[in-house]
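Novice: sequence below, structure please.
(chains A, B and C)
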Amino acid sequence: MPGLTLENVTKQFGSFTAVDKVDLSVPHGTFVCLLGPSGCGKTTLMRMIAGLDLPTSGGIRLDGADITQVPTHKRDLGMVFQSLALFPHLTVGENIAYSLRIRGIGKEEQRKRVDELLSMIHLQGFGDRPVGKLSGGQRQRVAIARALAISPRLFLLDEPLSALDAKLREAMQVELRQLQQQLGITTIVVTHDQREAMTMADTVVVMNGGRIRQAAPPVDIYRRPADAFVADFIGSTNLVDFTVDSAGRVVVLGTTVEGLAAPTGVASGVLSVRPEDLELTAPGNGALAGVVTFLRDLGGTVETFVEVGGRQLVAVSMPHARPDVTVGQPVGVRLRPEACVVLKS
Amino acid sequence: MNTFLQRCYFALFGLFLAMPLIVVAGVSVNEKQTLAFPPQGFSLSWYGEIFANPEWRSALIASLTLAALSAALALIIALPLAWFLWRRHAPWANVFQLLGIAPFTLPPVITALGFLTFWATTGFYGQPATAVISHAIFFVTLPLVTLSLGFSSIDRSLVEAAATMGADDRTVFRTVVLPLIRPYLVSGYAFAFVLSLNEYIVAYMTVGFTLETLPIKIFNALRYGYTPTMASVTILFVVVAATIFGLVARFGDLPKLLGAMSSRE
Amino acid sequence: MRREPPQKLADYGPLVFPAGMLIVFFVVPFATMIAVSFFRRDPAGFYTPDFVFDNYARFLSLFFGKVLGFSLFLAIAVAICCVVLAVPFTYLLARTRRKTQVLWLVALLSVLSLSEVIIGFAWSTLFSRTAGITNLFVALGLMSEAVALNPSFGAVLTAMVYQALPYTVLVLYPALVRLDPTLTEAARTLGASPLRAFFTVVVPALRNTILATLIMVFIFALGSYLLPQILGRPQHWTLSVLITDQAIYQSNMPFAAAMAVFLVLVTLALVALTVYAGRKGEAA
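Specialist: From the prediction side, this is the model:
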């Protein structure tokens, strides 16, 4: 099967398990983001894919061949490091040509390929400059071009954009995604920035504690989080406990949510509702009864904090639908039943 | 602190360091073979004497040869050791780091006596090669320290990046590590070279009776009377040392080599 | 790159040559020296193998007691002079522009690398009657006639301070250059004058560094062997001078070796003290 497959991959450092029995399949040509908080094992997982660390157990296959024990330099990879790792003693052109030079490719062909890559990253004519003289964004592009010089079988990026400022980062995310689609190259990015993951990936792999919590397309990750960790880590959400009454209806904070049925056999659990799926209404009429505690107007959106039965819930609305409430005012909160996700506990 | 006071302090400090050298420089240009300051007349002939007089010339050549060879040998010992300690995780190998630093840390007379007993016992006493080896071991500390510093300043992700691009260990060393370590190699060599050039006791205890290096020659000359050539050689040495360290500073990062943290302020 | 333990035998390859050289040409000579210190002197050759403590027993005389005492006293005096002069200098140097620093560092290294022979010669010239500093005093009218200032204890001390001063500055330099400048700035904002800030903030913050430097300079000064010979009288000779004298001129290598071993023990004890002081400094 073309693509990358991880089977039961585990990595232990002493008694600490950094990556715990991970199974993952990355079909050829897809863009995968490994997403999670620091220390979740995403970087270790990528280092094992690159061969920079060897798994304690488990196997890694690339296009059907077992590469678990293949040394890094024989894997035909392109990797962008968090520090970028541009060679300070080489020029921009020499950096990009490095993997070609290692493979003994002719000078003329090297030059042609470097020119091609420089124009791909919009840095024509920069070939002879020392890398130290480039701006952050330019260095970023050079690192990407360098990794792509040999048309690698896998394109790996470890927190590639973390050093850039917010604006530049967003622009680069779009650029990177377009580049990947244009080249059709299997790409894996490690990031702790969920916006970055949502922007670029075909599949987002959320990790925590060395395990994969969910691997799914971005929209599913957001709309259908697999568990409380994913729901909470991706965007912001309201997590509320629920019970199921004798009629099979879901009861939240003492109030029955109309139109929402719990899966059979579930007596209680946690419900995730995104802030944009909370509706503020007049009290009563089957809505949860609460009191407004704080209003945050961010210009683009308005966040209303409501205390319901000792729990803080957040509702988000667009400015044109700004709720007409003030702090201290009693309000009703309605959960949109189709947007509620019942989570595994 | 008060800038004026600071200037005065620096000036006094500088004067203390420079004063003996100023006097020696003055003495070295005396016209006649007299030890007089201020100099009587002006002549550079005592500088010519270093190269013209066969005894001084051969001492100069012996010193330069010894310094060039022993510094090279010290570098050849230090480079693989420093590389190994940087590349591998082997705590026990730090013993060799310690062994590399010890000869230079102990009072030199001890290291010198160690060599003397060793060469005498093994029967090589007095052979020129023993001085080269002894100096190389004595000064291996300097390239070892500069190279360890150099390796620690290499971002390890550069090595990983090279590996992902297809370079094996040997290629990484040749194309990434070696070019980055080069300034430290040069400065390590320069330090060892200059100190070997000036070293007296180890050279004296190993080859003192068979080979005259410049410091030995100066000391012997000092015991048997005075000649202004001693002064001109002294100045020559100061100039050589200042030039070499000046070059290290020009092409390398001297404050960093000596322990300051970053190259940028 | 993760530093991994060597896996294959070939991974140890780079270690072979350096380790071999250091063992054969440092450890073995050192061991030879220790062995020789128990040998008996052979007036005809170098020595004959034996196992006697005579060489060590010879220390236990008033003469060697005096020499050892003087050596330690001289080294301590040099260390104190150097540290007192060098601490304020290095502190100020570390705060100057980088260019100024580089210039001074080059000068200090140049003086530091000077052969002891050269330093001895230079100072003996400076202290001489015909070319010495007293001629300058005569010219200024401070003295009526030029005199020789050596051999004397003062001459030995001055030259040894000269020799050790650049070393002291370079030992202090890393610690002082890394000293957080906001420390003194904070003291200044709290109302301390620059001088007071130096003595109440900088010096206490560097207490362990200064102690370690004292010990290192002390060891450095212990190694001085030519200056006491060139600039001093026989009563100013140090243990290093005696070792050289015994080894070369008296051809008594066993006794020289025994003294060297003894000197090593003193040095090692002091290095241990330095390390201990450093550890304590890190913990504090």
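
Novice: can you get me a residue count around B:I76?
Specialist: A count of neighbours around B:I76, defined by other C-beta atoms under 10 Å in any protein chain shown, yields 16. (Glycine included, C-beta is placed from N, CA and C.)

Novice: got phi/psi on it?
Specialist: Main-chain torsions, B:I76, degrees, to the nearest 10: phi -70, psi -30.

Novice: check the spacing between it and chain C real quick.
Specialist: 7 Å (C-beta to the nearest C-beta, to the nearest Å).

Novice: can you tell me the SS state at the closest residue to that residue other than its chain neighbours?
Specialist: Nearest non-adjacent residue to B:I76, counting by C-beta to C-beta, 6 or more residues apart in numbering or on different chains: C:F17, 7.3 Å away. Of the three states, C:F17 takes helix under DSSP: H, G, I helix; E, B strand; the rest coil.

Novice: is it true that A:V206 lies in a strand?
Specialist: Yes. Assessed with three-state DSSP, A:V206 lies in a strand.

Novice: for it, give the beta-bridge partners.
Specialist: Note on A:V206: beta-bridge partners by DSSP bridges are A:L35, A:Q214.

Novice: circling back: how many residues are close by the residue nearest to B:I76?
Specialist: 14.

Novice: that one and B:L73 touch, don't they?
Specialist: No. C:F17 is beyond contact range of B:L73, at 10.4 Å (criterion: C-beta atoms under 8 Å).

Novice: could you pick out the longest helix of chain C?
Specialist: Counting by DSSP state H, the longest helix found in chain C is helix C:62-94.

Novice: which helices and strands sit right next to it?
Specialist: helix B:3-28, helix C:98-113, helix C:153-178, helix C:207-222, helix C:239-244 (3 or more C-beta pairs under 8 Å, 6 or more residues apart in numbering or on different chains; DSSP states H and E).

Novice: again, only using 6 Å
Specialist: helix C:153-178, helix C:207-222, helix C:239-244 (3 or more C-beta pairs under 6 Å, 6 or more residues apart in numbering or on different chains; DSSP states H and E).

Novice: buried residues of the strand or helix carrying B:F191, list them for me.
Specialist: For B:F191, the host element (DSSP states H and E) is helix B:178-198. Applying a neighbour-count criterion of 16 or more other C-beta atoms under 10 Å in any protein chain shown, one finds B:180-181, B:183-198 buried in helix B:178-198.

Novice: pLDDT (mean, whole number) over it?
Specialist: Averaging pLDDT along helix B:178-198 yields 90.

Novice: what's that helix packed up against?
Specialist: helix B:54-87, helix B:128-139, helix B:141-152, helix B:228-251, helix C:98-113.

Novice: what angle do it and helix B:141-152 make?
Specialist: Put simply, helix B:178-198 runs at 160 degrees to helix B:141-152, going by axes from the mean of the first three to the mean of the last three C-alpha atoms, to 10 degrees.

Novice: any idea how far the residue in the stretch 151-265 of chain B that chain C sits nearest to is from chain A?
Specialist: Going by C-beta to the nearest C-beta, chain C is nearest to B:G259 of the stretch 151-265 of chain B, at 2.8 Å. Here the criterion is C-beta to the nearest C-beta. By it, B:G259 lies 22 Å from chain A.

Novice: is that residue within a helix or a strand, and which one?
Specialist: Following DSSP H and E, there is no helix or strand that holds B:G259.

Novice: the spatially most central residue of chain A: helix or strand, and which one exactly?
Specialist: The centre of chain A sits closest to A:A197, judged by C-alpha atoms, centre = their mean, with a distance of 3.2 Å. Using DSSP H and E, A:A197 maps to helix A:194-200.

Novice: pLDDT value on the closest residue in space to B:I137 that isn't next to it in sequence, please?
Specialist: Leaving aside its sequence neighbours, B:I137 sits nearest to C:F25 (C-beta to C-beta, 6+ apart; 4.8 Å). The model reports C:F25 with a pLDDT of 92.

Novice: repeat that for B:P255.
Specialist: For B:P255, pLDDT reads 83.

Novice: where does it sit, in terms of helix or strand?
Specialist: Per DSSP H and E: helix B:254-257 holds B:P255.

Novice: any idea how far that helix is from the middle of the chain?
Specialist: 16 Å (C-alpha atoms, centre = their mean, to the nearest Å).

Novice: and stretch B:181-201, by the same measure?
Specialist: Distance of stretch B:181-201 from the chain centroid (C-alpha atoms, centre = their mean) equals 4 Å.

Novice: can you tell me what sits against that stretch?
Specialist: When contacts are defined by C-beta atoms under 6 Å, 6 or more residues apart in numbering or on different chains, stretch B:181-201 is touched by residues B:63, B:67, B:70-71, B:74-75, B:108-109, B:112, B:135, B:139, B:142-143, B:146-147, B:150, B:215, B:241, B:244, B:248, B:252, B:257, C:113-117.

Novice: residues of chain A that sit close to chain B?
Specialist: Taking C-beta under 6 Å from any C-beta of the partner chain as the criterion, chain A approaches chain B at residues A:50, A:52, A:72-73, A:77, A:79, A:81, A:83, A:85, A:89, A:98-99, A:102-103.

Novice: for those, give me CSV that also has pLDDT.
Specialist: Putting those into CSV (pLDDT from 0 to 100) gives the following:
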residue, pLDDT
A:A50, 93
A:L52, 91
A:T72, 91
A:H73, 91
A:L77, 90
A:M79, 93
A:F81, 92
A:S83, 89
A:A85, 91
A:H89, 89
A:Y98, 94
A:S99, 92
A:I102, 91
A:R103, 91
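
Novice: and of those residues, the nearest to B:S43?
Specialist: Using C-beta to C-beta, A:H89 comes nearest to B:S43 of those, at 48.8 Å.

Novice: coming back round to it: any idea which helix or strand comes after the helix holding B:F191?
Specialist: Heading C-terminal from helix B:178-198 (DSSP H and E), you reach helix B:201-207.

Novice: for the chain, which spans come out with low pLDDT?
Specialist: Let's take chain A. Residues of chain A meeting the criterion pLDDT under 70: A:1, A:344-345.

Novice: other chain: chain B
Specialist: B:1-2, B:260-265.

Novice: burial measure for C:L179, as a count.
Specialist: 18.

Novice: A:S162 now?
Specialist: Neighbours of A:S162 under the rule other C-beta under 10 Å: 14.

Novice: let's verify it: helix, strand, or coil?
Specialist: Going by three-state DSSP: A:S162 is coil.

Novice: nearest residue to it other than its sequence neighbours?
Specialist: A:Q82 (6.2 Å).

Novice: likewise A:V331?
Specialist: A:L280 (5.3 Å).

Novice: against chain C, how distant is the one you found?
Specialist: According to C-beta to the nearest C-beta, A:L280 stands 50 Å off from chain C.

Novice: my read: that residue touches A:P323, true?
Specialist: Yes. If you go by C-beta atoms under 6 Å, A:L280 and A:P323 touch, sitting 4.5 Å apart.
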